[in-house]
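[1] 3D, please:
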Amino acid sequence: MLPIRTNIRPRQTPYANYVLIIVNVLIFLVSYPGRVVAPGVREVVAPWAQQFELVPNRPELWQFLSYAFLHGGYMHIIGNMLFLYIFGNNVNARLGHISYVSFYLGGAAFSGVGHAVIHSASSVPTLGASGAVAAVTGAYLVLFPQTLITVLYWFFFIGTIDVPALYFIGLKMILIDNVIAATSDHIAYDAHLAGYAFGIAAILGVLATGLVRSDNFDLWAMLRRWNRRRRYRDVVAGGYDPFTGQVRAKQVKAKQVKAKQVKTAAQKLNEKKMADIRNEIGKRMLERNLAGAAGLYLELMGLDEGQILPRQHLLDIANQLASDNRPAESARAYEQLLAHYSSYEYAGEVELMVGLLYSRYLDQRAAALKYLHAAAAKLSDPGQLKMCRDELARLEESGG
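    Sure, this is the predicted structure:
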């Protein structure tokens, strides 16, 4: 599985990331290929560049940075730069140019130190930007955990699939690729893991301290929301008012008053949760993560079916639910749109869709007839009108 793009565009041009990619490529071109030392055997880097590789048992200080700008072959440089391009652009845009370059170099150095400490007795040179790229990927995981990554896969056939960043990076790239499947002696898995650890910890740190502003959709914001919910449950379960910290009184009358206060607190918490979900739905819609927005919409309806989204959001979510083979939820979303946006210019098309859902998937003849008759009175497109009338004829014939 190979990531090929993310569904979020950088807010500004990531010049620093482009410069890092160019510098890596230029250094590779002048340092590789090395000379042929035996038939079919070529040095990994040119002789003059070997002093910049990281040798764990006798490292020089500069090698903790220089090793990350050397690569041992075309696939090595292409793979690292592809991942740096995919994940680095958005991290660069979020951190700013100077901070991003500093972070990248810090990730390279930390990865090198991690590798040198674990292999302190080894004299095998290490090179490559994989550790620094792992740090950038870890930063992406923290900053954009809810975005989708389009992944190219091949298993009997080739295709693409969208996977949430939290799962693809956390499970596939970190756990599976660098822990479970860490079998090659030629790959510095420990440097990769050190890079991921640096990237995740460093970005969580700057978000927690406010050096980089949290946007309510990053991993730090998710952890804070989880912690607030956990604390509220623990406090209420322990018999405390979550706002005053006072123990509930023992008298019956006082208990009734306290119960009312707790109910009010719960309502406020519920309202805050619904507001957070609405904000996240808006974020997912901007990212064109319709599947994620649809899931959040269903969660919102579970809290309060009276919550109404903007018309276009509601329409896109209803379409997504229909494509996900969830006809009942899709029909409810379409009906919500019709009820609250009655002047919508394409109401006829929506009514046709609802009628078809009730007719073909939900087996509710009366509801289907209601919407199909309403649609027939509004539709002007010949193809849609024919589809509507054909479905009406089928229903009326089957109903006797």
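[2] quick one, helices of the stretch 101-250 of the chain?
    130-143, 165-167, 189-209, 219-237 (DSSP state H, counting those that start in this stretch).
[3] what's the closest of the ones you listed to N7?
    Among the helices of the stretch 101-250 of the chain, helix 165-167 comes nearest to N7, with 9.5 Å by C-beta to C-beta. C-beta coordinates here come from the backbone N, C-alpha and C atoms, glycine included.
[4] can you give me the strands for the stretch 251-400 of the chain?
    Along the stretch 251-400 of the chain, no segments are classed as strands by DSSP state E, counting those that start in this stretch.
[5] point out where it drops to low pLDDT.
    For the stretch 251-400 of the chain, residues meeting the criterion pLDDT under 70 lie at 251-263, 399-400.
[6] do that again at 80, thanks
    Within the stretch 251-400 of the chain, the segments meeting pLDDT under 80 span 251-267, 286, 288, 342, 399-400.
[7] go on, the stretch 51-200 of the chain?
    Residues of the stretch 51-200 of the chain that meet the cut-off, pLDDT under 80, sit at 153-157, 181-186.
[8] ok, how many other residues are close to R326?
    18 (other C-beta atoms under 10 Å).
[9] likewise for R360?
    Neighbours of R360 (other C-beta under 10 Å): 12.
[10] OK, contacts around it?
    E391 (C-beta atoms under 8 Å, 6 or more residues apart in numbering).
[11] out of the helices of the stretch 101-250 of the chain, which is closest to L300?
    helix 219-237 (14.9 Å).
[12] which residues touch H76?
    So H76 contacts G128 (C-beta under 8 Å, 6+ apart).
[13] one more: G106?
    Contacts here follow C-beta under 8 Å, 6+ apart; on that basis G106 touches A135, F198, A202.
[14] near the closest residue to A182 other than its chain neighbours, how many other residues are there?
    Leaving aside its sequence neighbours, A182 sits nearest to Y189 (C-beta to C-beta, 6 or more residues apart in numbering; 4.2 Å). Y189: 17 surrounding residues under other C-beta under 10 Å.
[15] and the gap between Y189 and G199?
    16 Å (C-beta to C-beta, to the nearest Å).
[16] also A68?
    Distance, A68 to G199, using C-beta to C-beta: 14 Å.
[17] same question for I174.
    Distance of I174 to G199, computed by C-beta to C-beta: 10 Å.
[18] check G128 too.
    Taking C-beta to C-beta, one finds G128 at 16 Å from G199.
[19] neighbour count for these two, which is higher?
    Comparing G128 with G199 by other C-beta under 10 Å, the one with more neighbours is G199, at 32 against 27.
[20] tell me where the stretch 51-200 of the chain has strands.
    Ranges of strands in the stretch 51-200 of the chain, per DSSP E, counting those that start in this stretch, are 148-155, 157-164.
[21] does anything pack onto the last one? Which helices or strands?
    In this case it means strand 157-164. Under the contact criterion of 3 or more C-beta pairs under 8 Å, 6 or more residues apart in numbering; DSSP states H and E, strand 157-164 touches strand 148-155.
[22] about what we covered before: deepest-packed of the helices of the stretch 101-250 of the chain, please.
    Ranked by mean neighbour count, the helices of the stretch 101-250 of the chain are led by helix 130-143 with a mean of 29 (mean count of other C-beta atoms under 10 Å).
[23] now do it: distance to the chain's middle.
    Centre-to-centre, helix 130-143 and its host chain are 14 Å apart (C-alpha atoms, centre = their mean, to the nearest Å).
[24] next up, the contacts around T13.
    If you count contacts by C-beta under 8 Å, 6+ apart, T13 has them with A93.
[25] from A208, how far off is it?
    Distance of T13 to A208, given as C-beta to C-beta: 28 Å.
[26] L379 touches G348, doesn't it?
    Yes - using C-beta atoms under 8 Å, L379 is in contact with G348, at 4.5 Å.
[27] skipping its backbone neighbours, what lies nearest N289 in space?
    N289 sits nearest to L148 (C-beta to C-beta, 6+ apart), 5.2 Å away.
[28] what's the one you found in contact with, if anything?
    L148 sits in contact with T6, N7, D162, V163, P164, A165, E287, N289, A291, G292, where contact means C-beta under 8 Å, 6+ apart.
[29] in contact with the fourth one, which residues?
    It stands for V163. Neighbour list for V163: L148, I149, V151, K172 [criterion: C-beta under 8 Å, 6+ apart].
[30] pick the one among the residues you listed closest to S214.
    Set against S214, the nearest of the contacts of V163 by C-beta to C-beta is L148 (20.6 Å).
[31] who does the closest one bridge with?
    P164 (DSSP bridges).
[32] show the contacting residues for the nearest residue to I118 once chain neighbours are set aside.
    Closest residue in space to I118, ignoring its immediate chain neighbours: D190 at 4.8 Å, by C-beta to C-beta, 6+ apart. D190 is in contact with G114, H115, I118, H119, counting by C-beta under 8 Å, 6+ apart.
[33] hmm, 10 Å instead?
    D190 makes contact with S111, G114, H115, A116, V117, I118, H119, T126, G131, N178, A182, according to C-beta atoms under 10 Å, 6 or more residues apart in numbering.
[34] any idea how far the first one lies from G128?
    Spelled out, that is S111. With C-beta to C-beta as the criterion, S111 and G128 are 10 Å apart.
[35] now do the shared contacts for the two.
    Joint contacts of S111 and G128 (C-beta under 10 Å, 6+ apart) are L54, Y67, A68, A188, A191, H192.
[36] pull the number of nearby residues for the first one.
    One way to gauge burial is a neighbour count; for L54, by other C-beta under 10 Å, it gives 29.
[37] wait, it sits on V117?
    No - with contact taken as C-beta atoms under 10 Å, L54 and V117 are classed as non-touching, separated by 11.8 Å.
[38] okay but L2 is in contact with I161, surely?
    No - contact criterion C-beta under 10 Å: L2 and I161 do not qualify, at 11.4 Å.
[39] picking up where we left off before, now for the contacts of V163, which pair is the farthest apart?
    Of all pairs in these, the most separated under C-beta to C-beta is L148 and K172 at 13.8 Å.
[40] ends of stretch 7-15, how far apart?
    20 Å (C-alpha to C-alpha, to the nearest Å).
[41] what sits against P3?
    Contact analysis of P3 by C-beta under 10 Å, 6+ apart lists 82-83, 86-87, 137, 149-152, 163, 165, 168-169, 172-173.
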